[in-house]
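1. fold the stuff below for me.
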Amino acid sequence: MIFILKLTLNMELIDTPNPNAKKIIPNENLLTKLNLDNFRIFVSEKLESLEGVESIFFGPNFLTITKEPNIKWDLITQDIVDIFDKL
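-> So this is what the prediction gives:
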């Protein structure tokens, strides 16, 4: 079962087969509003500063966040949403 959570107008947070990773699909309007390089720099700086985020992978129109195995998604999901709400 795939779980998609629309948390904000700026992004969708989607479960992946890896329980420690979630896929984020930014809203198309957000990507057209921001320069893609600036978007990647801003988002990666903010996400990497979150405690529990292990890695960030950028695809052409999505990104995947991998968390540390000992961290629960409940603890960092709102922080991730807040970052996208500020864009």
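2. and the strands in this structure, which stretches?
-> 4-8, 11-15, 21-26, 53-58, 63-67 (DSSP state E).
3. looking at the ones you listed, which is nearest to F39?
-> strand 21-26 (7.4 Å; Cβ to Cβ). To be clear about C-beta, it is placed using only N, CA and C from the backbone, and glycine gets the same treatment.
4. got the angle for that closest one vs strand 11-15?
-> 160 degrees (axes from the mean of the first three to the mean of the last three Cα atoms, to 10 degrees).
5. in strand 21-26, what's buried?
-> 21-26 (16 or more other Cβ atoms under 10 Å).
6. what's the burial count for K72?
-> Residues near K72, counting by other Cβ atoms under 10 Å, number 9.
7. residues contacting it?
-> By Cβ atoms under 8 Å, 6 or more residues apart in numbering, no residues touch K72.
8. who's the residue nearest to the spatial centre of the chain bridged to?
-> What sits nearest the mean C-alpha location of the chain, by Cα atoms, centre = their mean, is I24, with 4.5 Å. In this entry, I24 is beta-bridged to L13, L63, by DSSP bridges.
9. so it touches I65, yeah?
-> Yes: using Cβ atoms under 8 Å, I24 is in contact with I65, at 6.5 Å.
10. find residues that contact each of those two.
-> I80.
11. of the strands of the chain, which shows the lowest average pLDDT?
-> Across these, strand 4-8 has the smallest mean pLDDT, namely a mean of 46.
12. quick check: phi and psi at T16.
-> In terms of degrees, to the nearest 10, the main-chain angles of T16 are phi -120, psi 170.
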